[in-house]
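Enquirer: Output the structure for:
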Amino acid sequence: MWLEAVDYDGTEANGSAEDVSLPADVGEAFGRLYGSDPPATVGEWVETTRAAIEDERGRAPTVDDLCATDDGDHAFVGEETEETYICVLDPLVYPYLTGEAGTVRSTTPVRGAEVTFDVGDDGVAVSHDDAVVSIGVSVDPDRIDEAPVETVYREVCGYIQTFEDRAEYERWAEGADAATTAVPAAVGVAIVWELTQTLFDGGTSDAPERADASDAGEGTGATCTAESDCC
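Expert: Purely as a prediction, here's the structure:
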């Protein structure tokens, strides 16, 4: 997936989402989490995540590894599937892994507003022109040991959120005990495409070919409980 020129924190990112830079404090926190060199870009972060999961499980993650929960703030709603999740990336990845078109409904953490992503054959349409998606990790995260999926959900997923606009993100970030950054929704959708292609080894042949918020899937996901391996 290739982005059009996007103004990302004052820097024009013109290329694939994997080249989107991470701020130094976010990269350093991810490095502490993984016990690795700090990732400088989204691509390096995704590769590091995949390596940690493969070290634990001996395989790349699949749609069955998505972490569904009964009371998540982020949902995928399609003709065949309706599921809620802790992390907004899970429902956004779902249609690209399965080929099932639908709507991702994300509740913002400060205003309680709903931002939607309609995913179909023509691409992705976002309900709010100024929507942003945060990327973050605990300031002093527990290092991944024998359970990287559990650790990632605990230390990262609460800081990947959707916001109506940058003002809402900044209000939330002031109180977050985390290193975070925010990218426009178009970049967030392109990052999801990158996750599908790299972290998950790509989606189905029926999945949308592009992840583009300016243009405008089967598996039920893992159930997230106190005893599960995704919380």
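Enquirer: Next up, the contacts around the residue most central in space within the chain.
Expert: Centroid-nearest residue in the chain, with Cα atoms, centre = their mean: residue 89, separated by 3.0 Å. Neighbouring residues of residue 89 by Cβ atoms under 8 Å, 6 or more residues apart in numbering: 157, 160, 192, 195. Where you see a C-beta, it was placed from the backbone N, CA and C, and this is true even at glycine.
Enquirer: close enough to count as contact, residue 114 and residue 88?
Expert: No: Residue 114 is beyond contact range of residue 88, at 11.9 Å (criterion: Cβ atoms under 8 Å).
Enquirer: Common neighbours of these two, please.
Expert: By Cβ under 8 Å, 6+ apart, the residues touching both residue 114 and residue 88 are residue 106.
Enquirer: Between those two, which is the more surrounded one?
Expert: residue 88 (26 against 15; other Cβ atoms under 10 Å).
Enquirer: how many neighbours does the residue nearest to that one when sequence neighbours are not counted have?
Expert: The spatial neighbour of residue 88 that comes closest, neighbours along the chain excluded (Cβ to Cβ, 6 or more residues apart in numbering), is residue 74 at 4.3 Å. Burial of residue 74 is recorded as 25 neighbouring residues (other Cβ under 10 Å).
Enquirer: My guess is residue 74 contacts residue 84. True?
Expert: Yes: counting by Cβ under 8 Å, residue 74 does reach residue 84; the two are 6.7 Å apart.
Enquirer: Buried residues in stretch 169-184, which are they?
Expert: Neighbour counts over stretch 169-184 (16 or more other Cβ atoms under 10 Å) mark 169, 172, 173, 176, 178, 179, 180, 181, 182, 183, 184 as buried.
Enquirer: need the contact list for the residue nearest to residue 88.
Expert: Applying Cβ under 8 Å, 6+ apart to residue 74 gives the contacts 84, 85, 86, 87, 88, 90, 91, 104, 105, 106, 107, 162.
Enquirer: swap in residue 192?
Expert: Residue 192 sits next to 89, 92, 93, 96, 211 when contact means Cβ under 8 Å, 6+ apart.
Enquirer: before we move on, back to that, just the ones in helices from the contacts of residue 74, please.
Expert: Among the contacts of residue 74, the ones falling in helices (DSSP state H) are 90, 91.
Enquirer: Neighbour-wise, give me the winner out of the contacts of residue 74.
Expert: With neighbours defined as other Cβ under 10 Å, the most crowded of these is residue 90; it has 32 neighbours.
Enquirer: Now do that one against residue 199, distance only.
Expert: Distance from residue 90 to residue 199, counting by Cβ to Cβ, to the nearest Å: 12 Å.
Enquirer: What of residue 157?
Expert: Separation of residue 157 from residue 199 (Cβ to Cβ): 14 Å.
Enquirer: same check, this time on residue 102
Expert: Distance of residue 102 to residue 199, given as Cβ to Cβ: 21 Å.
Enquirer: hmm, back to that, which of the buried residues of stretch 169-184 sits closest to residue 30?
Expert: residue 179 (8.3 Å; Cβ to Cβ).
Enquirer: How about the secondary structure of the closest one?
Expert: Three-state assignment for residue 179 (DSSP: H, G, I helix; E, B strand; the rest coil): strand.
Enquirer: For it, give me its contacts.
Expert: By Cβ under 8 Å, 6+ apart, the contact set of residue 179 is 23, 25, 26, 28, 29, 136, 137, 138, 139.
Enquirer: Among these, which one has the most neighbours?
Expert: Within these, most neighbours by other Cβ under 10 Å means residue 137, with 28 neighbours.
Enquirer: so what's it up against?
Expert: 26, 29, 30, 33, 155, 156, 159, 178, 179.
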